[in-house]
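Peer 1: Below: sequence and its predicted model.
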Amino acid sequence: MPKDALGWRCKFAVVAPSTNTIVQPDMDSLRVPGVTNHFGRIYVPNMKVASDEDFVALVEAIGATLNDAVDRCLTCEPDYLIMGMSALMFWDGRAASEARMRALEERCGLRVSAGSFACEAALNLFKVRRIAVISPYFPVSDRNVTRFFEDCGFEVVRFRGLKCPSPVAIAQVQPDELRAHVAEMDGDDVDAFVQVGTNLSMVSLCLDLEREYGKPFVAINSATYWHALRAMGIEDRFGGWGPLFETH
C-alpha cells in the first residue's frame, strides 16, 4: 500500500473538544519525523460550569458528539486514534473506562490511546504508588479520576480540583497558579504528581517542576502522545520533553 508523503510512519487521528486550545499545540510539539497529527473537533459549546451537575452535562455533551468527530477523522485513513479529552475515559473507574475504550476501538477499527490509561502506564514505569493529582474539574469528576487511579493500584494522597468555570477557562490557568498548588500539595508522602484535563497547560511546566522537586510529574498530554507512539512501535528517543521520551 502506498505510504503517505508526510505521515509515512504513522497518521494519528486526534479528537478533542472544540473548546480545547492546548492539546493540538502540545501534541504537534511532540511529533517525530514521518508522523502526522490530524485533529477532529468534538463540538462542545463553551458552557458555564458552576456545579457538579453542570460538569456532568459537559461530559455528556462531549460524549454525544464524540463519534461524529471520530467518523470525520476516519476519512483520512489514519493508523491510530488518540483521545485528546480525558474526563470521559476516567468515568466510573477503570473497568468501565476499559469497556468504553474497547467499544470505541471496535467502532472505528483502530487502536486507541487515552490519557487515563497512558498516565497509568507512565506511573507504572516510574514505579510509584502514592500520587498527588491536579485537575481543572469539579468534585464529581475528581471522584471519578480518584476511583480510576485507585482501581489501578495507586494511592491518591492529595487531589486539587480547580473548578474551572468553563471549558475555555481551563486553558487560561497560568503557570504561577499551578506552581502554587503544587507547592501546597507536595510532601514526603507524595511519590509523583499527575496532571489530568487535556486543556490544562502543564507539559512544559511539568518538565521544570520535575527538576525542582526531584520526582516524576506526569502531564496527561505528554503521556498520551508517548503512549500512542510506543503503541505504534515508534521508539524514537529524544531530549527536551522529559524521561518518557528520552529513556522509555
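Peer 2: Received the coordinates, thanks.

Peer 1: All the strands of the chain, residue numbers only.
Peer 2: For the chain, strands defined by DSSP state E occupy the ranges 10-17, 35-42, 80-83, 112-113, 130-135, 155-161, 192-195, 217-219.

Peer 1: Using PDB, list the CA coordinates for the second one.
Peer 2: What follows is strand 35-42, C-alpha atoms only, in PDB (Å, rounded to 0.1, in the frame of the first residue of the first chain):
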ATOM      1  CA  VAL A  35       4.400  11.100  11.900                       C
ATOM      2  CA  THR A  36       1.500  13.400  11.300                       C
ATOM      3  CA  ASN A  37      -1.400  14.500  13.600                       C
ATOM      4  CA  HIS A  38      -4.900  15.000  12.100                       C
ATOM      5  CA  PHE A  39      -7.300  16.800  14.500                       C
ATOM      6  CA  GLY A  40     -11.000  16.300  14.800                       C
ATOM      7  CA  ARG A  41     -13.100  18.700  16.900                       C
ATOM      8  CA  ILE A  42     -15.800  17.300  19.100                       C
END
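
Peer 1: now the angle from it to strand 10-17?
Peer 2: 20 degrees (axes from the mean of the first three to the mean of the last three C-alpha atoms, to 10 degrees).

Peer 1: Remind me what strand 35-42 packs against, helices and strands.
Peer 2: If contacts are counted by 3 or more C-beta pairs under 8 Å, 6 or more residues apart in numbering; DSSP states H and E, strand 35-42 sits against strand 10-17, helix 23-29, helix 52-74. For the C-beta atoms, the positions are set from N, CA and C on the backbone; glycine is no exception.

Peer 1: same check, this time on the fifth one
Peer 2: Judged by 3+ C-beta pairs under 8 Å, 6+ apart, strand 130-135 is in contact with helix 139-151, strand 155-161, helix 175-185, strand 192-195.

Peer 1: what distance separates the longest one from the middle of the whole chain?
Peer 2: Its chain's average C-alpha position is 14 Å from that of helix 139-151, according to C-alpha atoms, centre = their mean, to the nearest Å.

Peer 1: Would you mark the buried spots in it?
Peer 2: 140-142, 144-149, 151 (16 or more other C-beta atoms under 10 Å).

Peer 1: Turn the strands of the chain into a markdown table, including mean neighbour count and distance to residue 237.
Peer 2: Below are these laid out as a markdown table (neighbours: other C-beta atoms under 10 Å; distance: least, C-beta to C-beta, whole Å):
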| stretch | mean neighbour count | distance to residue 237 |
| --- | --- | --- |
| strand 10-17 | 25 | 17 |
| strand 35-42 | 20 | 14 |
| strand 80-83 | 25 | 20 |
| strand 112-113 | 24 | 19 |
| strand 130-135 | 23 | 25 |
| strand 155-161 | 17 | 31 |
| strand 192-195 | 26 | 21 |
| strand 217-219 | 28 | 18 |
